[in-house]
Every structure is written in structure tokens, then in C-alpha cells.
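Participant: below: sequence and its predicted model.
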Amino acid sequence: MVTKVVDLRSDTVTKPSEAMRAAMAAAEVDDDVLGADPTAQRFEAEMARIMGKEAALFVPSGTMGNLVSVLAHCDTRGSEVILGDNSHIHIYENGGIATLGGVHPRTVPNNPDGTMDVDKIVAAIRHRDGAMYYPTTRLICLENTHGNTGGKCLSVEYTDKVGEVAQSHGLKLHIDGARIFNASVALGVPVHRLVRAADSVSVCLSKGLGAPVGSVIVGSKDFIYKVTMDILLLSLSCLREHVTEI
């Protein structure tokens, strides 16, 4: 007789344990918008520490985390981001970076192991002399683990190499780290080392970790402050579009 069902539709269907439910019910809360929620503050500080970054911000979803990260890095109209043609940001996130941020995606083919050839990344970088005609490259995005290639893990050596390319060309590097802790365990590499080359990382809490919802973005203090301001401006913009005069 089957006594337990393992649901393999997605790692997002994992459910909170009783201990997690009890912790949520007993959590000390306040107004997070005003920066007064002690539980959110402790969580963000701990995530920043674990990831080896200065600061963190809790957001409702991974899609939002990636969106606001891209928008914060590409804060000038006519910006372009280099990312995999089979990446989550490009395929599944409603075209948000273009729709809401005016950011142009420039795709590079993903290999079966989730990587993009470094020479192809370099070739995709726009030369600044062509800014009158072309979008300006400002960001490179990686995904670790890479969902559409079967959850392949990007090695620390590869990530470092892409980070070197970004730095040498004056670009930023964002990692969609929805399952970065899975990659850390599989590779036997501390998570902070896996993302050391990145300027920002998004991490999902609802994928295999049991949390019912939520993601976190990590980066520098200035970056997190900018993301916070961008979220406020996006919220006001969306509100204006949906509010009608009475």
C-alpha cells in the first residue's frame, strides 16, 4: 500500500514543515516598508552573510527579483542585457525586462550544460562607438542551476570567467540563482564562493526549501537601495495605470 506520495511536478510544490509553520505563526512582525520588521531584517542580514554580499532584500517572487535586478543595472534607456536563449528570464518571465524596463535582450545560445560560450558572450558585447545605432550592453545574466537544461550546475570556474569578462568590459553580472543552494550542494562549493563574481543574485525560497512563497536579492548596499527605489517607482507607475478618476 502506498503511504506517501512524492510530487515531482515541480520543486515549487514542496510544503512548509510543521516547525516552519510554527515559526511563521510566532514571528515578530512590524512594517517592513518602514524598515521596522525585525524578522525581515534578521532574514535579510543572514542571507547577505551567507551569500557573501553586503545587503539583501526580500521580494515576493523570483520573477520580480530578476526583473528589478535587471532594471537596477540597466537604468538607462537603450540598455541591453546578454543572456541565454534558453534562460528563465528570457523564456518564462513575461518579457518583463523589455515591457517594464525598456531593456533589450541579446541572446547567446545555451549549451547542453547551461553555459554560454565565453567567446560568444564577448562577441555579443556592443562596442560603445556604435551607441548612436545600437543598444548599449550593460549586463550579463547567468542561471545556476540552469532549469531548461535539466538543472545543470555552472561551475565556479566558469562563473569567475564570465565575471572577468563583465569586469573587463565595464559590465555587471547578475545570477538568476533560483536554485543556487542546490548547485552549492551538488558541486560541494560554498554558496558565497559560487556567486563571488556576481554583482547581484536572486534566490528562491519556495524551490525545494519548503517556504510557501518568496525570494531574496543580494548585492551591494547601493544596489539594494537602488532596487528598493525602483520597486517603489514601478509600484506607483502601475498604480497610476490602473486607477481611474471618480
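Facilitator: Perfect, I can see it now. Residues are numbered from 1 along each chain as shown.

Participant: list the buried residues for stretch 114-129?
Facilitator: Neighbour counts using 16 or more other CB atoms under 10 Å place 114-116, 121, 124-126 of stretch 114-129 among the buried residues. From N, CA and C alone the C-beta is placed, and that goes for glycine too.

Participant: and which of those residues is nearest residue 103?
Facilitator: Nearest to residue 103 among the buried residues of stretch 114-129, counting by CB to CB, is residue 126 at 13.3 Å.

Participant: isn't the closest one up against residue 137?
Facilitator: Yes. Using CB atoms under 8 Å, residue 126 is in contact with residue 137, at 4.5 Å.

Participant: so what sits against both of those two?
Facilitator: Common contact partners of residue 126 and residue 137 (CB atoms under 8 Å, 6 or more residues apart in numbering): residue 80.

Participant: neighbours of the residue nearest to residue 199 when sequence neighbours are not counted, how many?
Facilitator: Closest residue to residue 199 apart from its sequence neighbours, by CB to CB, 6 or more residues apart in numbering: residue 172 at 4.4 Å. Per other CB atoms under 10 Å, the neighbour tally for residue 172 reads 22.

Participant: for residue 172, phi and psi?
Facilitator: Note on residue 172: backbone dihedrals following degrees, to the nearest 10 are phi -110, psi 160.

Participant: so it versus residue 42, what's the distance?
Facilitator: 28 Å (CB to CB, to the nearest Å).

Participant: helix, strand, or coil at the residue most central in space within the chain?
Facilitator: Per CA atoms, centre = their mean, the C-alpha nearest to the average position across the chain is that of residue 202, at 2.9 Å. On the three-state scheme (DSSP: H, G, I helix; E, B strand; the rest coil), residue 202 is labelled strand.

Participant: skip the chain neighbours and tell me the closest residue to it.
Facilitator: residue 65 (3.5 Å).
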